[in-house]
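Trainee: Fold the following and give me the result.
(chains A and B)
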Amino acid sequence: MFRPLTFQRRPTHFLPVTVAHPIIKEHDIMAIEVRIPTILRSYTGGAKVVEGAGDTLADLLTDLDSRYAGLKGRLVTDAGALHRFVNVYVNDEDVRFLGALDAKLNDGDSVTILPAVAGGAFGFAAAAAIAGHRAAVAAR
Amino acid sequence: MLSIDRSIVDAIVAHARRDHPDEACGVVAGPVGSDTPTRHIPMENSARSMTFYEFDSMEQLRVWREMDDRDEEPVVIYHSHTATEAYPSRTDVSFAGEPGAHYLLVSTREPDTEEIRSFRIVDGVVTEEPVRIVDAAVDPHAVQSYMFGQSPATVDYECSGR
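Mentor: Okay, here's the model as predicted:
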């Protein structure tokens, strides 16, 4: 059978459920698992998965920053918006569709951070796009 | 030095030509720590632009999870420039978030010329590296006759001296 090479986006409820990291105990108070990308593991002592607490993404990042100093600064701009260079997901959703830093979190949620992969030939056009995106995010 | 199979390069160039004049983008995954690109994954350019590319965030999550499940990492991250040279722009550098990856650029500005260059981009510093295209179709154990100093199974692209 012909199998297309490209991956189709599927409804998120079909995505596989992330299996909890074995090191994290279910009864821990800090019950939000956070997956850290390679480029930010220098802040977490090399750890790929850490845990934290918070009612919103902003709270969670503040909590993580108390133990992994500098991490929040790589994810949040000086203006207080989520950085353009990262993608943050709660379970299977991009937080940009969940209120960005105001996204609500619950115990047992899994947060994944990935570097956004983007670029292109012309700096000016792209910079304008980024500025527009940042303004849109900040306005939310 | 990036060593990459001829069939994967051909697939990347074909993808870039297919999407021209829009920029094309994708990943070549490989086993963690191997520095060997083995699995070509063309990605959608959600920007659909001649001057900008961006992975679709949900597709990226799926692909990155899949790599994680298979003990793979993004060995190559590629995209095309469709009117300019295959050299990282300031935007490319500011976004480069995979310090372990080879950033492969393809230019499709010349319809008949294959223009491929590879770069490391770490902490905003761009370093070009040679690309060795390995032709896996040639059996490396077969008896071959060739001139001293030549290697029939590989093509080496040196840096352009920039």
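
Trainee: Could you use CA atoms for every contact and neighbour count after this?
Mentor: OK.

Trainee: just the helices in chain B please.
Mentor: B:6-19, B:57-69, B:90-95 (DSSP state H).

Trainee: Just name the most buried of the ones you listed.
Mentor: Greatest average neighbour count among these goes to helix B:90-95 (a mean of 20), per mean count of other Cα atoms under 10 Å in any protein chain shown.

Trainee: got a list of contacts for that one?
Mentor: A:85, A:116-123, A:126-127, B:121, B:124-126 (Cα atoms under 8 Å, 6 or more residues apart in numbering or on different chains).

Trainee: Need the worst-confidence member of these.
Mentor: Ranked by pLDDT, these bottom out at A:Ala126 (50).

Trainee: Run through chain B and note the low-pLDDT ranges.
Mentor: B:136-158, B:160-162 (pLDDT under 70).

Trainee: which ones are touching the residue nearest the centre of it?
Mentor: With distances taken as Cα atoms, centre = their mean, chain B has B:Leu104 as the residue nearest its mean C-alpha position (3.5 Å). By Cα under 8 Å, 6+ apart, the residues touching B:Leu104 are B:Val76, B:Ile77, B:Tyr78, B:His79, B:Ile116, B:Arg117, B:Ser118, B:Phe119.

Trainee: Flag every residue of chain B that's near chain A.
Mentor: B:23, B:41-44, B:51-55, B:57-59, B:61, B:79-82, B:84, B:88-93, B:95-99 (Cα under 8 Å from any Cα of the partner chain).

Trainee: Show the buried residues in those.
Mentor: Buried residues within the residues of chain B next to chain A, counting neighbours by 16 or more other Cα atoms under 10 Å in any protein chain shown: B:23, B:41-44, B:51-55, B:57-59, B:61, B:79-82, B:84, B:88-93, B:95-98.

Trainee: quick one: the residue nearest to the centre of chain B and chain A, what's the gap?
Mentor: 12 Å (Cα to the nearest Cα, to the nearest Å).

Trainee: Is that residue bridged to anything, and to what?
Mentor: B:Tyr78, B:Ser118 (DSSP bridges).

Trainee: give me the low-pLDDT residue ranges for chain A?
Mentor: A:1-30, A:123-140.

Trainee: for it, what spans make up the strands?
Mentor: Assigned by DSSP state E, the strands in chain A fall at A:32-35, A:49-52, A:86-90, A:93-94, A:110-115, A:118-119.

Trainee: what's the longest one packed up against?
Mentor: It refers to strand A:110-115. The helices and strands touching strand A:110-115, judged by 3 or more Cα pairs under 8 Å, 6 or more residues apart in numbering or on different chains; DSSP states H and E, are strand A:32-35, strand A:86-90.

Trainee: List the neighbouring strands of the first one plus their orientation.
Mentor: To tie it back to what came earlier, the one meant is strand A:32-35. Its sheet considered, strand A:32-35 pairs with strand A:49-52 (antiparallel), strand A:110-115 (parallel) by DSSP bridges.

Trainee: and what of the longest one?
Mentor: In the sheet containing strand A:86-90, its partner strands are strand A:93-94 (antiparallel), strand A:110-115 (antiparallel), by DSSP bridges.

Trainee: Nearest to B:Arg6, out of those?
Mentor: Proximity to B:Arg6 (Cα to Cα) singles out strand A:110-115 among the strands paired with strand A:86-90, at 28.2 Å.

Trainee: can you give me the end-to-end distance of stretch B:82-101?
Mentor: Start to finish, the residues bounding stretch B:82-101 are 22 Å apart (Cα to Cα, to the nearest Å).

Trainee: try stretch A:108-122
Mentor: End-to-end distance (Cα to Cα), stretch A:108-122: 42 Å.

Trainee: Stretch B:75-88 now?
Mentor: 17 Å.

Trainee: just how off-centre is it within its chain?
Mentor: On the basis of Cα atoms, centre = their mean, to the nearest Å, stretch B:75-88 sits 8 Å off its chain's mean C-alpha point.

Trainee: Contacts for it next, please.
Mentor: A:120-121, B:16, B:20-30, B:35-37, B:50-51, B:53, B:100-109, B:115-117, B:126.

Trainee: again, only using 6 Å
Mentor: A:121, B:21, B:23-30, B:37, B:101-109 (Cα atoms under 6 Å, 6 or more residues apart in numbering or on different chains).

Trainee: Understood, closing this out.
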